[in-house]
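Asker: fold the following, please.
(2 chains)
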Amino acid sequence: MNTVPPSPGPVPALDPLRQLVRRDQDHECDGFGAARVCVRVVAVAELPTRFGRFRIVAFWNNRDGKEHVAMVHGDVVGAAAVPVRLHSECLTGDVMGSLRCDCRDQLVEGLAEIQRHERGVLLYLRQEGRGIGLVNKIRAYTLQEQGLDTVEANLALGFRDDERDYAVAAHMLHSLEVHSVRLITNNPEKMRQLTQHRVEVVDRIPHVIPPNEHNRFYLETKGRRSGHLLDFSDGPRLAEQSDPPLVDGMPAPGQTPAP
Amino acid sequence: MAQSGEVVVVGGGVSGLACAQALRAAGRPVVVLERARGVGGRCATRRLGEQPLDHGVAFLHGRDPSFLAALREVAATRIDGWPRVIEGTGRPCQPEAFAAGSWRLAFAEGLTAFPKHLARGVEVRLQAEVTALSEDGPALGVSLQDGAPLRAGRVVLALACEQARALLATLGPAPPEVRSAIALLDMARSDPCLALLATYGAGAPRPAWDVAYPEGSRVLQIASHDSAKRAGAPPLALVLQAHPGWSRQHLEDPAWPQALLAEAARLLGPWAGAPVAFEPHRWRLARVDGSAELAGPLLLTLPGGARLGLCGDRFAPGGGVEAAWQSGRRLAQRLLEEP
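Answerer: Numbers count the residues shown, from 1 in each chain, chains lettered A, B, ... in the order given. Okay, the predicted model is just below:
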């Protein structure tokens, strides 16, 4: 636990998360990553959800108008080995329940997984369409409808791992004074890059989605293939999260024989 | 016949030159083919008498530290922070130019100082217009309007989307990679921009602003106080640029310069409509809408093994000169990382 200044009498000590807002009022550092992104904790509130009680922490950043947030469960300020999940915004999946991707499954399972631990953080990164925006993501869908989903088109449309995600995420974790993390991921690259930004990753928690009627196809395919997944019942699905999905019962990527 | 490993870059704007410069710095032979008589594309400066006027991009802006470092290397008189005084609440071409964390600047010698700097040491052939591409075994043939065709294993199209699209169509029946690229290019079109370079007499008032974005006009989008960038005390010069929609409607209208001047007079004052000299310029493919931006450059592999790159201001997030530069550099990196 972080040391909290002694309070005079029965007034409860100020919530460590709320203290971060005051601490960050004038925060300015050299920034993280190539874009030198710097964030500040600007607002904290209780957020009861259908997955359990969270506190939601809002961040400002010096690079763009994107309002990244952290969903915080338990005492994480100053804590070590905190379970952490990174999730990139996906309006179509997270909100609309699109079946073109598995984002909602990944988000719901991420929040649920964090609640299973004593503490944890889900960083919700406002990088729709991997940072290229909703319009271009919808254009990517148009291309797919035309049967054109080659690797280059997906790259140009932003469907790939983006180093900047990790830079802003790393700064957010530092701002929360999370000393070390247990990353909920199937993606070793994500761990490597967080480490590069001086976030200590002490462990990996496999991110496993329970099977349901919508992701059954994962169990029948060999996993990730050139940036997108083939769902033989409904057509192609784009991997919008930087993690290859792992559905309970499916062999882990890398352990599967080549197609 | 090109040297082995040579890359042919079609288009000598900021993106093509940034790509060529990065390739050359890594020791890769490269030649840039530019249709016009000078480099720079829309990062353009013209002279009216002795006075340089930036009639394309009005100023440079960016936030990528490596782009800003590249601008600092330019051997020219940098005017940091320009434009310093903004007038009006109209919409800038790129509102993010004025967001926190964005740096703005100009060069007293004109903004072509930047592309000229990028072109240093790079073999550039001017007035070399490419008319067609053809697959030729493991290479691409590049046909020119004048002169012998070139042949190279790697060709980069650093052009406006419509121009790149037209060259891709000359390849004939397209493999999936090329069809996919064409579909991407077709998803947005470039906007035109009608621009007027105007110089004024001694009686004209000196505007207090560097750049004006007039509100309440569907005609005039930006008035750039160009002479405010110049050393000494040159005559007052403005560059007036029209909104994309109005530009599209009036592209073939011979009376557009007068209409644009009349709107300048209405918005800025009667003096603005009465220059002592003016030069019209039609940018047919001036800029891409923000919603058309892509995440990165394309590098297509053709069935015979030749590779075709596409870069430009649409091929990096953010648009503008910064995106053009970034996409060119990123494409060069991908070409250099090839096994």
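Asker: taking the stretch 201-339 of chain B, what residue is nearest to chain A?
Answerer: residue B:295 (3.5 Å; C-beta to the nearest C-beta). Any C-beta I mention is one placed from the backbone N, CA and C, and that applies to glycine too.
Asker: which SS state does that residue fall under?
Answerer: Here residue B:295 is recorded as coil under DSSP: H, G, I helix; E, B strand; the rest coil.
Asker: skipping adjacent residues, who's closest to it in space?
Answerer: residue A:158 (3.5 Å; C-beta to C-beta, 6 or more residues apart in numbering or on different chains).
Asker: do I have it right that residue B:76 meets residue B:106?
Answerer: No. Residue B:76 is not in contact with residue B:106 according to C-beta atoms under 8 Å; the separation is 9.7 Å.
Asker: looking at the two, which is more packed in?
Answerer: residue B:106 (29 against 17; other C-beta atoms under 10 Å in any protein chain shown).
Asker: look up how far residue B:161 lies from whichever residue of the stretch 151-259 of chain A sits closest to chain B.
Answerer: With C-beta to the nearest C-beta as the measure, residue A:158 is the residue of the stretch 151-259 of chain A nearest to chain B, at 3.5 Å. Remark: distance between residue A:158 and residue B:161 (C-beta to C-beta, to the nearest Å) = 17 Å.
Asker: now do residue A:188
Answerer: 37 Å.
Asker: please enumerate the helices of the chain.
Answerer: If you meant another chain, say so; for now it's chain A. Counting by DSSP state H, chain A has helices at residues A:16-23, A:103-116, A:134-145, A:151-156, A:163-175, A:188-196, A:216-220.
Asker: looking at chain B here, not the other one
Answerer: So, for chain B - with DSSP H - the helices run B:14-25, B:65-72, B:113-119, B:161-169, B:176-186, B:244-250, B:256-268, B:320-337.
Asker: tell me the contacts of residue A:67?
Answerer: A:58, A:59, A:60, A:126 (C-beta atoms under 8 Å, 6 or more residues apart in numbering or on different chains).
Asker: thought residue B:17 was touching residue B:156, still the case?
Answerer: No. Taking contacts as C-beta under 8 Å, residue B:156 lies outside contact range of residue B:17: 10.9 Å.
Asker: report the set of residues contacting both of those two.
Answerer: Contacts common to residue B:156 and residue B:17, judged by C-beta under 8 Å, 6+ apart, are residue B:9.
Asker: any idea how far residue A:167 is from residue B:57?
Answerer: 29 Å.
Asker: who's more crowded, the two?
Answerer: Just comparing residue B:57 and residue A:167: by other C-beta under 10 Å the higher neighbour count belongs to residue B:57, 27 against 24.
Asker: how about that one: what's its closest non-neighbour residue?
Answerer: Nearest one to residue B:57, counting by C-beta to C-beta, 6+ apart, is residue B:43 at 5.1 Å.
Asker: show me which positions of stretch B:225-233 end up buried.
Answerer: B:225, B:226, B:227, B:228, B:229, B:230 (16 or more other C-beta atoms under 10 Å in any protein chain shown).
Asker: mark which of those are part of strands, please.
Answerer: The strands, defined by DSSP state E, take in nothing from the buried residues of stretch B:225-233.
Asker: tabulate these (TSV), appending pLDDT and distance to residue B:37.
Answerer: Listed next are the buried residues of stretch B:225-233 as TSV, based on pLDDT from 0 to 100; distance: C-beta to C-beta, whole Å:
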residue	pLDDT	distance to residue B:37
B:225	98	27
B:226	97	21
B:227	96	24
B:228	96	27
B:229	96	23
B:230	94	23
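Asker: out of the residues you listed, which is nearest to residue B:244?
Answerer: residue B:226 (20.7 Å; C-beta to C-beta).
Asker: now for the residue lying closest to residue B:265 once chain neighbours are set aside, how many residues are close by?
Answerer: Take residue B:265 and drop its neighbours on the chain: the residue closest to it by C-beta to C-beta, 6+ apart is residue B:273, 2.7 Å away. Applying other C-beta under 10 Å, we find 17 residues neighbouring residue B:273.
Asker: give me the number of residues near residue 176?
Answerer: Just going to use chain A. Neighbour tally, residue A:176, other C-beta under 10 Å: 24.
Asker: chain B is the one I meant
Answerer: 15.
Asker: pretty sure it contacts residue A:148?
Answerer: Yes. Residue B:176 is within contact range of residue A:148, at 6.7 Å (criterion: C-beta under 8 Å).
Asker: tell me who's in contact with residue B:276.
Answerer: Shown in contact with residue B:276 (C-beta under 8 Å, 6+ apart): B:199, B:200, B:201, B:235.
Asker: give me the neighbour count for the first one.
Answerer: Translated: residue B:199. Residue B:199: 21 neighbours (other C-beta under 10 Å).
Asker: ok, it to residue B:100 distance?
Answerer: Taking C-beta to C-beta, one finds residue B:199 at 35 Å from residue B:100.
Asker: kindly report the same for the second one.
Answerer: Relative to residue B:100, residue B:200 is positioned 35 Å away (C-beta to C-beta).
Asker: neighbour count winner among those two?
Answerer: residue B:200 (20 against 12).
Asker: having no further points to raise, I will conclude here.
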